[in-house]
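Engineer: how would this look folded up:
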Amino acid sequence: MKSSAFKLLVMPYSSRLYRMAFRLMNNREEAEDIVQDVYAKLWEMRNELPDYNSIEALSMKITRNLCLDHLRRRKVNQDALKAEKYKLEGASATPADELEKKEEARLIQALISALPEPQQTLVRLRHIEEKSFEEIAPLVNMKVNAIRVSISRARQQMREMVEKQHSSWKAQKS
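Structural biologist: Numbers count the residues shown, from 1 in each chain. Presented below is the predicted three-dimensional model:
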């Protein structure tokens with residue numbers, strides 16, 4: 001496929017892709033970068049594009065996935081910054097306090113990691129990134145009520161895991 005045919009095929013969707021990326025990223029520059037990345041991916045797939053029923057749907061899906069990837073990377077960077085901040089703030093705490101906080105953070109991360117994937121993402125977005133339900137909904141393409149139910153179930157699962165672990169520790173001590 002030549003570049004002129006490619007442009008005719010995918011360029012009509014540029015404003016929709018940008019609006020979606022901007023809505024998810026809430027940042028003009030990141031949205032523009034993501035749209036460029038979408039076009040790069042589509043260009044790599046240019047010979048396969050005629051096989052797709054809807055280039056628009058494919059473009060929107062690629063845009064959504066790239067946005068989610070960027071948000072995940074942003075979250076990892078924020079977690080690293082929080083960990084660094086925690087280390088700096090914890091310098092004045094006693095070694096026992098530091099150990100307790102580290103153990104608590106490790107336990108919470110382990111509990112979250114033990115959840116099924118959709119719940120992991122929702123719990124991290126809600127409780128680690130402190131996003132509102134309304135902010136999470138477009139990121140995961142779910143309704144607010146479904147997110148509330150899923151997070152509630154995830155919390156219940158985490159409570160049950162903690163109770164199970166606690167009872168096994170009690171049994172070991174006896």
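Engineer: Check which helix or strand Leu9 maps to.
Structural biologist: For Leu9, the host element (DSSP states H and E) is helix 3-10.
Engineer: Over that helix, what's the mean pLDDT, rounded is fine.
Structural biologist: Helix 3-10 shows a mean pLDDT of 85.
Engineer: which residues are in contact with it?
Structural biologist: Identification of contacts with helix 3-10 by CB atoms under 8 Å, 6 or more residues apart in numbering yields Met1, Tyr39, Leu42, Trp43, Arg46, Leu49, Ile55, Ser59. Bear in mind the C-beta positions are built from the backbone N, C-alpha and C, glycine included.
Engineer: now the biggest helix by length in the chain: how far from the chain's centre is it?
Structural biologist: Across the chain, the helix with the greatest residue count (assigned by DSSP state H) is helix 55-89. The chain centroid and the centroid of helix 55-89 are separated by 6 Å, computed with CA atoms, centre = their mean, to the nearest Å.
Engineer: Same check on stretch 132-145?
Structural biologist: 12 Å.
Engineer: Pick out the most distant pair among the contacts of helix 3-10.
Structural biologist: Met1 and Ser59 (15.1 Å; CB to CB).
Engineer: Comparing these two, which residue is more hemmed in?
Structural biologist: Ser59 (25 against 13; other CB atoms under 10 Å).
Engineer: Quick check: the gap between that one and Asn141.
Structural biologist: Distance check for Ser59 against Asn141: by CB to CB, to the nearest Å, it reads 16 Å.
Engineer: which of the contacts of helix 3-10 has the most neighbours?
Structural biologist: Neighbour tally across the contacts of helix 3-10 (other CB under 10 Å): the maximum, 25 neighbours, falls on Ser59.
Engineer: And that residue, what's its pLDDT?
Structural biologist: pLDDT, Ser59: 93.
Engineer: Show me the helices in this structure, by range?
Structural biologist: In the chain, the helices defined using DSSP H lie at 3-10, 14-25, 28-44, 55-89, 95-113, 117-123, 133-140, 144-173.
Engineer: That's all I had, so thanks and see you.
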